[in-house]
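Asks: Any chance you could fold what I've pasted below:
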Amino acid sequence: MALRFSVLASGSTGNAFYIESDKEKLLVDAGLSGKQMDKLFSDVHVSPSDLSGILVTHEHSDHIKGLGILARKYNLPIYANEKTWKAMEGSIGKLSLDQKFIFNREEVKTFGDIDVESFGVSHDAAEPMFYVFRNNGKKVALVTDLGYVSERIKKTVEGADSYIFEANHDVGMLRMGRYPWSVKRRILGDSGHVSNEDCGLALTDIIDNNTKRIYLAHLSKDNNMKDLARMSVGNILEERGIKIDLHDTDPAVPTPMFEVG
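Replies: Purely as a prediction, here's the structure:
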């Protein structure tokens, strides 16, 4: 038994995360068009019709763009908290009642042999939350779209075997960039996005000897670069004596399927 996953897409243009065990196949978010989602699944040799369900983090379009289309096409159940359901109703089209399920913040749901724990994050959405996945003693944490990493979140996600962790922007690039100040203030604020530096600092508090792999996620296409994110986060970790593989994610190309061993 093992957990395997692929970051199908990550960035401000669309997000989707796939994770499977020997018995279950789960998708978190479907933030690209139905056609693009089908291609991403094809790239990792998975059929969306085999999914056990789709978990939703929050209602922003880069997380739910293809949600309704995918759920209707393959008759898939969707799990989200009540405030998120309410906020995204007008964006995902009509779904049958037997496709709608409630998954509250700070709750654990079991899908076959995968335990999924949800935790709230600080982001400018109705009731945003992300997930920790556990199977057979292994732990994978998905942590993006948050303005800051609270002590409560650190406690929930610490000691994971793998992290998909937000490194959204380089603060210098964002401050000097073309965004209006109102947008910059939102991104830099407590309900915005985590910077490269804050990502590195948070990771130093939560990773341990179990941690083998970290994916840097949700990079801004205007205010960050893959090499810069890797270098910034890597330098902070190395300064504290931590050497670990940092991996890129991409808005259009899935990461190779990784088995958490």
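
Asks: Show me the shaky parts of the chain.
Replies: 1 (pLDDT under 70).

Asks: Pick out the residue closest to the middle of it.
Replies: Leu142 (4.7 Å; C-alpha atoms, centre = their mean).

Asks: on contacts alone, who are the packing partners of the one helix or strand that residue maps to?
Replies: According to DSSP states H and E, Leu142 maps onto strand 138-143. Contact here means 3 or more C-beta pairs under 8 Å, 6 or more residues apart in numbering; DSSP states H and E; on that basis strand 138-143 packs against strand 3-9, strand 129-135, helix 151-157, strand 162-166. Where you see a C-beta, it was placed from the backbone N, CA and C, and this is true even at glycine.

Asks: and the residue nearest to the centre of the chain, what does it touch?
Replies: Counting by C-beta atoms under 8 Å, 6 or more residues apart in numbering, Leu142 touches Phe17, Val28, Phe130, Tyr131, Val132, Phe133, Ile164.

Asks: most surrounded residue in these?
Replies: Counting neighbours by other C-beta atoms under 10 Å, the top entry in those is Phe17, with 30 neighbours.

Asks: and it, that's in a strand?
Replies: Yes - counting by DSSP: H, G, I helix; E, B strand; the rest coil, one finds Phe17 located in a strand.

Asks: measure the closest residue to it other than its chain neighbours to Asn196 for me?
Replies: Take Phe17 and drop its neighbours on the chain: the residue closest to it by C-beta to C-beta, 6 or more residues apart in numbering is Val28, 4.2 Å away. Note on Val28: its distance to Asn196, by C-beta to C-beta, to the nearest Å, is 23 Å.

Asks: same thing with Lys25?
Replies: 32 Å.

Asks: So which of the two has more stuff around it?
Replies: Asn196 (29 against 20).

Asks: need the contact list for the more buried one.
Replies: With contact set as C-beta under 8 Å, 6+ apart, Asn196 has these partners: Ala167, His169, Asp170, Val171, Asn224, Leu228, Ala229, Ser232, Val233.

Asks: in which helix or strand would I find Ser118?
Replies: In this structure, Ser118 is located in strand 114-120 according to DSSP H and E.

Asks: if we can go back for a sec, which strand residues bridge the residue nearest to Phe17?
Replies: Phe17, Leu55 (DSSP bridges).

Asks: in the stretch 51-200 of the chain, which spans are strands?
Replies: Using DSSP state E, counting those that start in this stretch, the strands of the stretch 51-200 of the chain run over 53-55, 78-80, 100-102, 108-111, 114-120, 129-135, 138-143, 162-166.

Asks: so can I have CSV of those showing distance to Tyr179?
Replies: Below are the strands of the stretch 51-200 of the chain laid out as CSV (distance: least, C-beta to C-beta, whole Å):
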stretch, distance to Tyr179
strand 53-55, 30
strand 78-80, 29
strand 100-102, 36
strand 108-111, 37
strand 114-120, 27
strand 129-135, 25
strand 138-143, 24
strand 162-166, 18
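
Asks: Most tightly packed of those?
Replies: Highest mean neighbour count of the strands of the stretch 51-200 of the chain: strand 162-166, a mean of 27 (counted as mean count of other C-beta atoms under 10 Å).

Asks: Got the domain ranges for the protein?
Replies: In terms of domains, the chain is parsed into 1-106, 146-249 (source: automatic domain parsing).

Asks: chain center to the last one: distance?
Replies: Think domain 146-249. Chain-centre distance of domain 146-249: 12 Å, with C-alpha atoms, centre = their mean, to the nearest Å.

Asks: Hmm, Asn224 and Asp248 touching each other?
Replies: No - using C-beta atoms under 8 Å, Asp248 is not in contact with Asn224, being 11.2 Å away.

Asks: want to try TSV for the helices and strands packed on strand 138-143, with distance to Ala71 as columns?
Replies: Conversion of those to TSV gives the following (distance: least, C-beta to C-beta, whole Å):
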stretch	distance to Ala71
strand 3-9	16
strand 129-135	18
helix 151-157	27
strand 162-166	22
